[in-house]
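**Q** The following comprises the amino acid sequence and a computationally predicted model.
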Amino acid sequence: MNLEPLNPDLIVMQNFQPIRLKDIYRARKRIAELAQRTPLIHSSALSERLGSAVYLKLENLQPTGSFKIRGAANAILALGPTEKSRGIIAFSTGNHGRAVAYVAGRLGIQAVICLSQRVPAYRVNAMQKLGAEVIQRGNSQDEAYGYALEIQEKRGLTMISPFDDPLVIAGQGTIALEIIEDLPDVTTVIVPVSGGGLISGIALALKSISPDVAVNGVSMDCAPAMYHSLKAGKPVEIEEKDSLADALLGGIGLDNRYTFAMVRDCVDRIHLVSEGEIAEAMFFCLTQQRLVIEGAGAVGVSAVLTDKIQDPGSATVIVLSGGNADVAALLQIANRLPMP
């Protein structure tokens, strides 16, 4: 399932520019000691499938197992001494919370992470091991966000948004700088979509440097908040459902200030993939690429395997956004067992 071209004229940001390319370059310098420059590798199997060169951007190799460390580090490192001393708070479906907990631990900052009851135990445990105070409330990310706001006000903490923040968006955009430097002739980039922070930063950087690069987003079809918001022409609420791509769950916020407009203006298409297609992509990554990739990180591979990417040009990059897969689910997929 595809959303029609979001921006046929490729007009970058129109009159709405919460960040500029220079902010992404500043972010790269700021986060250099905490976030890694990740490899870009060629995939022979996917290249054969697509009929042109395909490369994989391995954000699963970040210290916290996902791209989220880039945005979290940029936002936290930009805080002043008073804000750092008071502590920080975040709401998350998993990977952002893990990144915030890791960065806070490295910098000696108190961190509180609010999660919904839907967040899997393995993600909760990972944050706790990093020293964060983890609180679970509600049945959706939006409900966890509401509780996080209450705690923020009571304790005087600083909120580190998972996506709708210029510093976070700029941090995620550093991925695009690395792609352009490693593959100057890139023609298509495929990016997972949830709240939009990742694809917003990547799309802004790519369109600013090389406007003809096509940016394709991919989400799961069971609860794609950004997809439905774009179709409606405004941010909308949707019901969260269980998914292999659990890191993509959550709304974009009815009060969304940045990512909705950035995705609308900078992203060319959004594709949806099913749970079975996500499982097949995880299996492919494991068996053909020898990579452990979580469901959210594998949706771009799924889009290629299911022939959703049309006219990709000569060089396609798929962002593998994370590798924090649930071991039990991964074993089921590896053994071709039915998912519960």
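**A** Right, received. Where do you want to start?

**Q** can you give me the strands for the stretch 101-250 of the chain?
**A** For the stretch 101-250 of the chain, the strands identified by DSSP state E, counting those that start in this stretch occupy 111-115, 133-136, 158-159, 188-192, 214-220, in order along the chain.

**Q** Between those, which one is closest to residue 167.
**A** Residue 167 sits nearest to strand 158-159 of all the strands of the stretch 101-250 of the chain, at 11.5 Å, using Cβ to Cβ. C-betas here are computed from N, CA, C, even on glycine.

**Q** Now do the helices in the stretch 51-200 of the chain.
**A** Taking DSSP state H, counting those that start in this stretch to define them, one finds helices in the stretch 51-200 of the chain at 68-77, 81-86, 95-107, 121-129, 141-155, 166-182, 197-209.

**Q** of all those, which lies closest to residue 233?
**A** Relative to residue 233, the nearest member of the helices of the stretch 51-200 of the chain by Cβ to Cβ is helix 197-209, separated by 17.5 Å.

**Q** Report all helices and strands that the closest one contacts.
**A** Based on contacts counted as 3 or more Cβ pairs under 8 Å, 6 or more residues apart in numbering; DSSP states H and E, the elements that helix 197-209 packs against are helix 21-31, helix 166-182, strand 188-192, strand 214-220, helix 259-266.

**Q** In a markdown table, list those along with mean neighbour count, distance to residue 150 and mean pLDDT.
**A** Output for these, formatted as a markdown table (neighbours: other Cβ atoms under 10 Å; distance: least, Cβ to Cβ, whole Å; pLDDT from 0 to 100):
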| stretch | mean neighbour count | distance to residue 150 | mean pLDDT |
| --- | --- | --- | --- |
| helix 21-31 | 19 | 30 | 97 |
| helix 166-182 | 25 | 22 | 98 |
| strand 188-192 | 27 | 30 | 98 |
| strand 214-220 | 28 | 29 | 98 |
| helix 259-266 | 24 | 24 | 96 |
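
**Q** Can you lay out these as a markdown table showing distance to residue 329?
**A** Output for the helices and strands packed on helix 197-209, formatted as a markdown table (distance: least, Cβ to Cβ, whole Å):
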| stretch | distance to residue 329 |
| --- | --- |
| helix 21-31 | 30 |
| helix 166-182 | 25 |
| strand 188-192 | 17 |
| strand 214-220 | 14 |
| helix 259-266 | 28 |
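
**Q** and of the ones you listed, who's closest to residue 247?
**A** strand 188-192 (8.2 Å).

**Q** and the angle from the closest one to strand 214-220?
**A** Regarding strand 188-192 and strand 214-220, their directions subtend 30 degrees when assessed with axes from the mean of the first three to the mean of the last three Cα atoms, to 10 degrees.

**Q** Name the strands paired with strand 188-192 and say parallel or antiparallel.
**A** Partners of strand 188-192 in the sheet, by DSSP bridges, are strand 214-220 (parallel), strand 315-320 (parallel).

**Q** How about residues contacting the shortest one?
**A** It refers to strand 315-320. Surrounding strand 315-320, the residues in contact under the criterion Cβ atoms under 8 Å, 6 or more residues apart in numbering are 40, 43, 46, 50, 52-60, 67, 175, 179, 183, 185-192, 198, 202, 285, 291, 293, 297-298, 300-301, 304, 309.

**Q** With the first one instead?
**A** Residues lying outside strand 214-220 but in contact with it, judged by Cβ under 8 Å, 6+ apart, are 187-194, 199, 202-203, 206-207, 226-227, 243-245, 248, 263, 266-275, 278, 295, 299-300, 302-303, 308-309, 312-313.
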